[in-house]
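Peer 1: Can you look at this prediction? I've put the sequence above it.
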Amino acid sequence: MSIQPRTRLYLFLHWLPAMIGIAVILIESTELMSAQNTGEFLLPLWIKLFGPITPEHWSVVHHIIRKTGHFVGYGLVSLGFFEGWRATFKGRARSRGWLFALVAPLAMISTLSLASWDEWHQSFLPDRTSKISDVGIDFSGAVVAHLILLLILVLIWRVRAARAKAPTRQVSSRV
């Protein structure tokens, strides 16, 4: 059975956020985005926004900025994977909860695989460090992103269920 062109376009568009996220990580995984290089453009920006900072404090702030980037970036990439897997399995879903229970773990496994590959790749670059703790930060970002998504979805599902159960009001034509 062949995939219809419309279905292929639908899947492509829904996998596009994950593909963009992967491309960003591929670029960030190069020596161009090493701590030394990011510090060169982040420090002047920091000084413009917040004023001068000592080298010791900058080292700590720069580290926090980079690790926050790992956490947030991989959280967003994981949501991109979620959307791609959601679109892929949408037609086979028994319920919204079942679909979430299937695709959220797939998205997190995809994110964990990407984070592991990224750290492995960086181990071959002289100006980059490779740390298993970065994979933990990346995966934590994915888990938190999916917990926030689940919270939002549960709220939406409850509002929709409440609206569906609410009796419809008749507007009186009497004045």
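Peer 2: Okay, I see it. Residues are numbered from 1 along each chain as shown.

Peer 1: Look up how far residue 110 lies from residue 117.
Peer 2: From residue 117 across to residue 110, the span is 11 Å (C-beta to C-beta, to the nearest Å). Yep, even glycine has a C-beta here, placed from its N, CA and C like the rest.

Peer 1: next one: residue 125
Peer 2: 23 Å.

Peer 1: Could you check which of those two has the larger neighbour count?
Peer 2: residue 110 (21 against 13; other C-beta atoms under 10 Å).

Peer 1: Skipping its backbone neighbours, what lies nearest the more buried one in space?
Peer 2: residue 81 (4.3 Å; C-beta to C-beta, 6 or more residues apart in numbering).

Peer 1: Could you say whether the one you found sits in a helix, a strand or coil?
Peer 2: Under DSSP: H, G, I helix; E, B strand; the rest coil, residue 81 falls in the helix class.

Peer 1: burial of residue 129, as a residue count?
Peer 2: So residue 129, with other C-beta under 10 Å, has 11 neighbours.

Peer 1: State the helix or strand in which it lies.
Peer 2: Residue 129 belongs to no helix or strand when assigned by DSSP states H and E.

Peer 1: Help me confirm that it comes into contact with residue 122.
Peer 2: Yes: the criterion here is C-beta atoms under 8 Å, and residue 129 meets it with residue 122 at 6.8 Å.

Peer 1: now what about stretch 22-33, what contacts it?
Peer 2: Under the criterion C-beta atoms under 8 Å, 6 or more residues apart in numbering, residues 37, 73-74, 77, 114, 118, 121-122, 125-128 lie in contact with stretch 22-33.

Peer 1: Where strands are concerned, which of those residues count?
Peer 2: Members of the contacts of stretch 22-33 lying in strands (criterion: DSSP state E): none.

Peer 1: buried sites along stretch 12-25?
Peer 2: For stretch 12-25, the neighbour count (16 or more other C-beta atoms under 10 Å) marks 14-15, 17-18, 21-22, 25 as buried.

Peer 1: now do stretch 114-129
Peer 2: Neighbour counts using 16+ other C-beta under 10 Å place 114-115, 118-119, 122, 128 of stretch 114-129 among the buried residues.
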